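Visitor: Pasted the sequence and its predicted model underneath.
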Amino acid sequence: MLSGMNSGHAKLADWGFSHIRSLTPLTAVDLGCGGGRNAGELLRIIPTVRVTAVDYSALSVEKAKAYNLEAIAAGRCDVRQGDVSRLDLPSESFGLATAFETVYFWPGLETCFGQVYRVLKPGGTFMICNESDGKDEASLKYEKIIEGMKVYTAEEIEAALKAAGFSAVRSDHHPTKPWITVLAKK
């Protein structure tokens, strides 16, 4: 399933990455890293970045470590298990935080976004990339059958980000799909 997520969400993730191509942070954290593909893409598109990848699932952490083995050996990547509602990461330590296809499962957006705000450096960027805009029927159907899943609209995400302290919050909707990318500055 994790390998399928890496390949199945690649086009969405690449579209999300197009929103941050001009950024050059020295440190980034990929929250809900799944199989590790997006952490690997961050390492590829920002050659000077050091990435910390975090996931709640021990199996995801194992898969992400295997996917990014060379970068880990080179000291450019760290993969660890963790809970986004209680991030065990130093305050103000990352220039970029990313969350691909994961906020659906976060326990309380404001609390989790507050943790992301805490670990971002002043001026840092938080990017959320979702396959669902919270309005498409297919995703809303999954929300009803997958325990713990909540699909949010861009407006709901933006409001939770602002409540957590973020400023300069903006979203982009894909022109032909229900995909959204939400960017927020600390």
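Guide: Thanks, I have the structure now.
Visitor: contacts and neighbour counts: CA atoms only from here.
Guide: Noted.
Visitor: Wasn't residue 11 part of a strand?
Guide: No - counting by DSSP: H, G, I helix; E, B strand; the rest coil, residue 11 is located in no strand; its state is helix.
Visitor: burial of it, as a residue count?
Guide: Residues contacting residue 11 under the criterion other CA atoms under 10 Å number 11.
Visitor: what sits against it?
Guide: Contacts of residue 11 were listed using CA atoms under 8 Å, 6 or more residues apart in numbering, and none were found.
Visitor: Tell me the confidence at it?
Guide: What the model reports for residue 11 is a pLDDT of 94.
Visitor: do you know how far it is from residue 99?
Guide: For residue 11, the distance to residue 99 under the criterion CA to CA, to the nearest Å works out to 15 Å.
Visitor: go on, residue 41?
Guide: When CA to CA is applied, the distance between residue 41 and residue 99 equals 13 Å.
Visitor: same thing with residue 158?
Guide: Distance of residue 158 to residue 99, computed by CA to CA: 14 Å.
Visitor: Only the buried residues of the longest strand belonging to the chain, if you could.
Guide: Secondary structure of the chain read by DSSP state E shows that its longest strand is strand 120-130. Within strand 120-130, the residues that qualify as buried by neighbour count (16 or more other CA atoms under 10 Å) are 120-121, 124-130.
Visitor: In terms of secondary structure, what does that strand contact?
Guide: Other helices and strands packing on strand 120-130, by 3 or more CA pairs under 8 Å, 6 or more residues apart in numbering; DSSP states H and E, are helix 10-17, strand 94-100, strand 180-185.
Visitor: rerun that using 7 Å as the cut-off
Guide: Contact partners of strand 120-130 among helices and strands, from 3 or more CA pairs under 7 Å, 6 or more residues apart in numbering; DSSP states H and E: strand 94-100, strand 180-185.
Visitor: Sheet partners, orientation included, of it?
Guide: Its sheet considered, strand 120-130 pairs with strand 94-100 (parallel), strand 180-185 (antiparallel) by DSSP bridges.
Visitor: Next, count neighbours for residue 85.
Guide: Other residues lying near residue 85 total 17 when counted by other CA under 10 Å.
Visitor: all strands for this structure, in order.
Guide: According to DSSP E, the chain carries its strands in the segments 27-31, 50-55, 77-81, 94-100, 120-130, 167-173, 180-185.
Visitor: Would you tell me which of those gets closest to residue 62?
Guide: Among those, strand 77-81 comes nearest to residue 62, with 8.4 Å by CA to CA.
Visitor: rewinding a little: which of the buried residues of strand 120-130 sit farthest apart?
Guide: 121 and 130 (23.6 Å).
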